[in-house]
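Peer 1: just the structure for this:
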Amino acid sequence: MPPASAPTSASVLIDSHHHLWDLDRRPQPWLDDPDLASINRTFTPGDLRSTATHPIAGRHLHSTVVVQCVPDVPETEDLLALAEQEPLIEAVVGWADLTSPAIGEVLDRLLAGPGGAYLRSLRHLVQGETEPSWLQRPDVERGLAAVRDHGLSYDVLVRSHQLDQAISLAERFPDLPQVLNHAGKPDIARRELADWRRQVQRLAAHEQVVCKVSGLITEADHDSWTTDDIRPVWDVLLTAFGPERLMFGSDWPVANLAGGWNRWAVTVDKLLTGCAENEIHAFLAGTATAFYRLPACD
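Peer 2: As a prediction, the model looks like this:
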């Protein structure tokens, strides 16, 4: 029997945003919330492989970007070491304390350590910060400059009411590649999208900013959402950013709270109806490959 052919760029599906955790190795205190009981267990790359089976536009999962969960450098070190061993993972979004005067030294150590070549971006859970201009603090901006100077990108995690911080970040750091996580968390459940739409359109005017279409189903009603609930958000993003600045992400296993990887894949497949092949490729693989500097498929 002849060997299976290697995937080509036209058949690749990249999940640009998922998580992994081993609770026996490292606690995840945020999972103590009773509403998260169903995902309060260990999730491995093997779990993702066996779960993510539904194709999108005929493409099956090829590779992924794994993203930090807790503000903890050792977790980032774990993810980098895992990426070095796990063929599915092609990049890591890690964490380091942006406010620390030692941020440069920490990044040097991470990049030089086991799996350091997989570190492509940093993220901080700004969504949990109550300070209204946290991303504009002088110590944070010093840290972001170190991220830029180390050749890394920045994953922007804010809620919809914090999008003004993301806009200011884009204005002040035009040479720092940025990706908006979860589309800025629009309030899909309450269908309150007007302010989010205006802010996203302003953010999209900055060419160095791209956007992850991820985490939307957990911003909708977990039990009753439909594709029609997601479509208005998709339409705004497609118009504001264009497909060449959007990337697919699952937010698995958090997505399990609202239907899981495959149900989200089915929905994305529907949303892509009517898109040209080059637009589909950009969304499912091209944008993530360019932003995270992933290996190109032949």
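Peer 1: check contacts around residue 93.
Peer 2: With contact taken as CB atoms under 8 Å, 6 or more residues apart in numbering, residue 93 is in contact with 17, 65, 66, 67, 68, 120, 121, 122, 123, 155. From N, CA and C alone the C-beta is placed, and that goes for glycine too.
Peer 1: give me that answer again for 10 Å
Peer 2: Shown in contact with residue 93 (CB atoms under 10 Å, 6 or more residues apart in numbering): 16-17, 19, 65-68, 76, 79, 118-123, 152-155, 157, 179, 181, 292.
Peer 1: how about residue 288?
Peer 2: So residue 288 contacts 12-17, 63-65, 90-91, 179, 210, 212, 246-249, 282, 294 (CB under 10 Å, 6+ apart).
Peer 1: so where's this protein shaky on pLDDT?
Peer 2: For the chain, the stretches with pLDDT under 70 are 1-10, 297-298.
Peer 1: now the helices for it?
Peer 2: Using DSSP state H, the helices of the chain run over 45-51, 73-85, 103-112, 138-149, 163-172, 194-204, 227-241, 260-271, 277-281, 287-292.
Peer 1: got those helices as TSV, with distance to residue 58 columns?
Peer 2: Shown next, in TSV, are these (distance: least, CB to CB, whole Å):
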stretch	distance to residue 58
helix 45-51	19
helix 73-85	27
helix 103-112	37
helix 138-149	36
helix 163-172	34
helix 194-204	28
helix 227-241	19
helix 260-271	9
helix 277-281	9
helix 287-292	18
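Peer 1: ok, which of these comes nearest residue 34?
Peer 2: For residue 34, the closest of these is helix 260-271, at 19.7 Å, according to CB to CB.
Peer 1: tell me the buried residues in that closest one?
Peer 2: 260, 261, 262, 264, 265, 267, 268, 269, 271 (16 or more other CB atoms under 10 Å).
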